[in-house]
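J.: okay, here's the prediction I keep looking at, along with the sequence it came from:
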Amino acid sequence: MTQLSVNVNKVATIRNARGGNTPNVLQVALDCEKYGAQGITVHPRPDQRHIRFTDVEDLSKSVSTEFNIEGYPSSDFITMVLKHKPAQVTLVPDGPDVLTSNAGWNTVEHHSYLKSIINEFKDAGIRTSIFIDANNEMIEHASLTNTDRIELYTEDYAQGYPLDKEKAIAPYISAAETALKYDLGINAGHDLNLDNLKYFASHIPNLLEVSIGHALISDALYYGLENTIALYLRELRF
C-alpha cells in the first residue's frame, strides 16, 4: 500500500495568522499519526511564513512515523536537516519568494550541485528524494545524482484529470516506468485530493508515498481530521 504523509504546513499557516499556538502544529501531527498517517511532511521556508524552525525541532523529537523535510537546499536548510536527521529529505527547487512548489528540478543543469548535496545527506543516513516533473530525461539524469527516490510533481495531472484522466496520467506512468528502470523509489505530491488520488495511485507502479497537505487539511474542515485521514487512506487501498 502507498504510504500517506500529511503535510502540516497549512496548519501552521492558520496558526500564524493569529499568533499564539492555536492550532497546535505538533498536536495535529501526532493526531495524524494516531489516525493512521504513515508520515509527516514539512516545508520550512526562510521567512517562516508557515512552518517555523522551532516546529521542525519539536516535530523531529516527537514524530514516530516517517518525518520528511522538504525544501530548497540553501546552506541554512542543509544545516537544519543534518541537525535533525529526518527519515527523508526532499529537495525542491523553490526560491525564497515562491508561494508554493511549481516545478521540478532540471537534473541536467543542476547535476553536480544535487549530487554533492545528496551525498552529504546520505552520508548522514538520511534518505533523499528529488522533486521532479514527469519528464523521462530529467528522471534518467536524477538517477546519476545518487538520489534514493524522486517525487513526481503532480499539478499537471491534477489539472488534466477532470478533462481526460487517461491523457493526464499517461506521462506519469511513463515517468514511473523510467524511474523503475533506474531503481529509483517513487513518491508523488501536489494537488492530489479525494477526487483524483485513487486513479493516480492505482496506475503508478511501485508508488511508495504521497505527500498531501492543502487538500487534506481543507477537507478536514468539513469531515474532521480523523475521518479525513481515513478517507485518504481508503483511496490508497485497492
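T.: The structure has been received and is ready for your questions.
J.: give me the mean pLDDT for the helix or strand where Ala142 lies.
T.: Secondary structure assigned from DSSP states H and E places Ala142 in helix 136-142. Per-residue pLDDT over helix 136-142 has a mean of 97.
J.: ok, then the element right after it?
T.: strand 149-153.
J.: report all helices and strands that that following strand contacts.
T.: Judged by 3 or more CB pairs under 8 Å, 6 or more residues apart in numbering; DSSP states H and E, strand 149-153 is in contact with strand 127-132, helix 165-181, strand 185-189. Backbone N, C-alpha and C define where each C-beta goes, glycine included.
J.: at 10 Å instead, please
T.: Packing partners of strand 149-153 (3 or more CB pairs under 10 Å, 6 or more residues apart in numbering; DSSP states H and E): strand 88-91, strand 127-132, helix 136-142, helix 165-181, strand 185-189, strand 207-212.
J.: list the residues that contact the most centrally placed residue in the chain.
T.: When CA atoms, centre = their mean is applied to the chain, the residue found nearest the centroid is Ser211 (4.1 Å). Counting by CB atoms under 10 Å, 6 or more residues apart in numbering, Ser211 touches 3-7, 39-41, 43, 68, 70, 88, 90, 129, 131, 151, 154, 187-190, 192.
J.: repeat for Ile132
T.: Per CB under 10 Å, 6+ apart, neighbours of Ile132: 91-93, 103-107, 138-139, 141-142, 147, 149-153, 175, 179, 184, 187.
J.: which ChimeraX command selects the buried ones in the contacts of Ser211?
T.: Selecting the buried subset of those in ChimeraX, with 16 or more other CB atoms under 10 Å as the burial test, is done by:
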select :3,4,5,6,7,39,40,41,43,68,70,88,90,129,131,151,154,187,188,189,190,192
